[in-house]
Each structure stands twice: as C-alpha cells, then as structure tokens.
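**Student:** sequence plus predicted model, see below.
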Amino acid sequence: MRRVIERLHTILPYWKISRDRRTRSTRASGCGSGYSEWSEWIDVDSSAILVSREGKDWVWQEDKVRELLAGHNQGNLFVSGCAQNMVRLFPLIDKIVLLSAPAATIMRRLESRASNGYSDTEAKRCKVRELITVVEPLLRQSADYEITTTRPVGETADEIVGFANSAHVVGWSK
C-alpha cells in the first residue's frame, strides 16, 4: 500500500489523480472543493511568519486525515496540501512529493484565479513570495521527490503516479 502526499502550497488548483489498474491509464481531474472537509482555520500568534493570514493558519484536521490515511488499504491514495501540522502524519505516508514552480509562475497562476484570496492586494502578493522563499526549502528537506510543475497537468500526474509506483527513482537521492 502506497500513500503519496503532494505539497501544493498554492501552486496548482486542488486536483486528484486516479489510476485504472486494469487499463494502466492515468487520469488527473480538478476538484474545486473538499479542503474544508480536511482542514480548518485556527487562531495563531499574529506575529507568526509562516501563516497565510495574519492571526490565522490553515491546518489539517489531524483526526480526519489520520483516519483517511490509516483506513486506506487498496491502491494508491494521493493527498494534496500543505500545513504546519502535516509532519505529525508523515509516519502514515509512504512517499512525499513536492510540486514546485518558479515564483513568477506561481504568481501568474494566482493572478489568473477568478476568486483569489492570495493575490488581490500587493501585501498578499508579498506574503506569498515570502512564504515561497521561507517554506519551500523546508518542504524540500522532507520531500522524497520534487517535480517542477511548469508543464501540462497530465504530464505532472503521470510522473507522480510513476514515482508512487516505483521502488526508487534513478538519479535521485535524498
């Protein structure tokens, strides 16, 4: 049983990957909702640097995510997201993939969103750039594999599934 977590931190819209074992085909599909089922806003020190909103942080609902991970026993399970408390669930995750993109690409993606809580003001754009600079190196340290997401989503999905199904990746070492 393999579990993979993709760290998106506002890089891509939420999406899922499904794999049909009979036909060996891969499909990536977008999901517009579902975050609030697994995450929640909590109050934090307003001077905290690694939060997306002043005085608030978006964290995983550990009990629900733990139940999801522990209860999955067939095929691959792909979970996406990034939260400060996710490290507590790492023992339940087989492989961790960091999905990254150049900061300029991330900013363009954020600006193109119809409803956007991350780039509608210069202060929010500065916060996103700061989080990329500070958080991405931390995510890279715990990742087993990194994929740059500047190509089509389908190709990224294929690479994620390939890594999830592999025993190791040639040319990569942690």
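**Tutor:** Received, thanks.
**Student:** what number of residues lie near R140?
**Tutor:** Applying other CB atoms under 10 Å, we find 12 residues neighbouring R140. Backbone N, C-alpha and C define where each C-beta goes, glycine included.
**Student:** my guess is it contacts V134. True?
**Tutor:** No. Look at R140 against V134 with CB atoms under 8 Å: they stay out of range, at 11.8 Å.
**Student:** list the buried ones in the strand or helix carrying A70?
**Tutor:** If you go by DSSP states H and E, A70 is part of helix 62-71. Across helix 62-71, burial judged by 16 or more other CB atoms under 10 Å covers V65, L68, L69.
**Student:** which strands or helices does that helix pack on?
**Tutor:** Judged by 3 or more CB pairs under 8 Å, 6 or more residues apart in numbering; DSSP states H and E, the packing partners of helix 62-71 are helix 35-38, strand 76-80.
**Student:** mean pLDDT for the ones you listed: which is lowest?
**Tutor:** Of all these, mean pLDDT reaches its minimum on helix 35-38 (a mean of 72).
**Student:** run through who's touching that one.
**Tutor:** Y14, W60, Q61, K64, V65, L68, G81 (CB atoms under 8 Å, 6 or more residues apart in numbering).
**Student:** what do you get if the cut-off is 7 Å, keeping everything else the same?
**Tutor:** Helix 35-38 has contacts (CB atoms under 7 Å, 6 or more residues apart in numbering) with Y14, W60, Q61, K64, V65.
**Student:** brilliant, that's me finished.
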